[in-house]
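Asks: 3D model of this:
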Amino acid sequence: MKQIVIPRHGKPEVMKIEEKPDPKPGRGDFLIRVHASGINFADVMARIGLYPDAPKLPSVVGYEVAGIVEDAGPEADSSWKGSRVFALTRFGGYCDLISVPSSQVFKIPEGLSFEQAAGIPVTYLTAYQLLVVMGALKKSESILIHNAGGGVGLVIDPLGGKHWSKSYAALRSTGRLGMFGISTAKESALLGVLKLVATAVRMPSFGPISLMSKNRAVFGVNMGRMWGEQEKIREWMGVILGGIAEGWIKPHVDKVFPYQDAAQAHRYIEERRNMGKVILKF
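Replies: Below is the predicted model of the structure:
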């Protein structure tokens, strides 16, 4: 199989393609022949060394894929063989063949391409958790979206740093501040972990007394830490898939890059050129 490997931290060009032995499906896994892989800003942060949850180098990143089930482990449903699916992956998604726990795999709705399906998991689950589950947004309320771009940015605040202070100050009574990223850390002129330190220094602290007196709420979302909540993930995904079937959710892909052009894809995202999802095609 082919993998896009990050051998060391650095610019997009550090990524390279390697050939590895084909994986075998685990006991409850599906083996998926990947046709498309979603790119997230977390992948960029991992490549430059600013993502705490990233695997040790050399590593293969990637949280989401879409493709066809080639094989099933002994405890997985073999009737899924040949099915068009998309899946959440705990890294490893930049590849053309991957073994994924069956609980993290979903069938692609009719009418969606592999590229559209690969853009569903992280983007829409994050948005659903932010707006519906924890944000509890109501029809009578308003939402302020700072960064209407990228994948999740088509909904919410991924900026971090001093922007959280501004966002918090803008809340009225019963307002909620939902946080899911710190993309501004990338913009610091400092090196390595100092970028995160500089961003953290500009972040506000939210004390319980202040929150109570102002009737405000603050919460954070990190889909990368939801691996132990598969029942919730499948429940939320059921709503999302229902929305796709009914037509009020339409996965938007901004641009598709051949996997050989992964460096160009990362640069495209870093330069804030995308309005929607960026996908690697295998």
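Asks: going forward, measure contacts between C-alpha atoms and count neighbours the same way
Replies: OK.
Asks: count of residues packed around the nearest residue to Tyr51 once chain neighbours are set aside?
Replies: Leaving aside its sequence neighbours, Tyr51 sits nearest to Met45 (Cα to Cα, 6 or more residues apart in numbering; 5.2 Å). The number of residues packed near Met45 is 19, by other Cα atoms under 10 Å.
Asks: Use 29 as the first number for this chain going forward.
Replies: New numbering, starting at 29: the last item is Met73.
Asks: how far away is Met73 from Val89?
Replies: Here the criterion is Cα to Cα, to the nearest Å. By it, Met73 lies 11 Å from Val89.
Asks: likewise Gly95?
Replies: For Gly95, the distance to Val89 - Cα to Cα - is 17 Å.
Asks: What residues does Met162 make contact with?
Replies: Phe247 (Cα atoms under 8 Å, 6 or more residues apart in numbering).
Asks: An error on my part: the question was meant for Ala74.
Replies: 37, 80, 82, 89.
Asks: quick one: low-confidence parts of the stretch 29-178 of the chain?
Replies: Counting by pLDDT under 70, the ranges of the stretch 29-178 of the chain that qualify are 175, 177-178.
Asks: Show the pLDDT at Trp192.
Replies: We have a pLDDT of 78 for Trp192.
Asks: Now name the helix or strand holding it.
Replies: Assigned by DSSP states H and E, Trp192 belongs to helix 190-197.
Asks: Run through the neighbouring helices and strands of the helix or strand following that helix.
Replies: Later in the chain than helix 190-197, the nearest helix or strand by DSSP H and E is strand 204-207. Secondary-structure packing of strand 204-207 (3 or more Cα pairs under 8 Å, 6 or more residues apart in numbering; DSSP states H and E): strand 245-248.
Asks: ok now the helix or strand following the strand it packs on, how far from the chain's centre?
Replies: Sequence order places helix 258-274 as the next helix or strand after strand 245-248, per DSSP H and E. Centroid displacement of helix 258-274 relative to its chain, using Cα atoms, centre = their mean, to the nearest Å, is 16 Å.
Asks: hmm, back to that, and the contacts of Ala74, which is closest to Trp255?
Replies: Ala82 (14.3 Å; Cα to Cα).
Asks: Please, where are all the strands along the protein?
Replies: 30-33, 44-47, 57-67, 92-100, 112-116, 125-129, 133-135, 204-207, 245-248, 281-286, 305-309 (DSSP state E).
Asks: any chance of those strands in a markdown table, plus mean neighbour count and distance to Phe142?
Replies: Below are the strands of the chain laid out as a markdown table (neighbours: other Cα atoms under 10 Å; distance: least, Cα to Cα, whole Å):
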| stretch | mean neighbour count | distance to Phe142 |
| --- | --- | --- |
| strand 30-33 | 20 | 18 |
| strand 44-47 | 13 | 21 |
| strand 57-67 | 27 | 6 |
| strand 92-100 | 27 | 5 |
| strand 112-116 | 26 | 8 |
| strand 125-129 | 24 | 14 |
| strand 133-135 | 20 | 11 |
| strand 204-207 | 21 | 29 |
| strand 245-248 | 14 | 30 |
| strand 281-286 | 17 | 11 |
| strand 305-309 | 26 | 9 |
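Asks: check contacts around the residue nearest in space to the middle of the chain.
Replies: Centroid-nearest residue in the chain, with Cα atoms, centre = their mean: Val150, separated by 3.5 Å. Going by Cα under 8 Å, 6+ apart, Val150 touches 68, 91-92, 116, 251.
Asks: and if you look at Tyr91?
Replies: With Cα under 8 Å, 6+ apart, Tyr91 has these contacts: 66-68, 116-121, 150.
Asks: same thing but at 10 Å, please
Replies: Residues near Tyr91 by Cα atoms under 10 Å, 6 or more residues apart in numbering: 65-68, 70-71, 115-122, 146, 149-150, 251-252.
Asks: Quick check: phi and psi at the residue lying closest to it once chain neighbours are set aside.
Replies: Spatial nearest neighbour of Tyr91, excluding adjacent residues (Cα to Cα, 6+ apart): Thr117 at 4.6 Å. Main-chain dihedrals, Thr117, degrees, to the nearest 10: phi -130, psi 140.
Asks: ok, Thr117 touching Gly90?
Replies: Yes: using Cα atoms under 10 Å, Thr117 makes contact with Gly90 at a distance of 6.9 Å.
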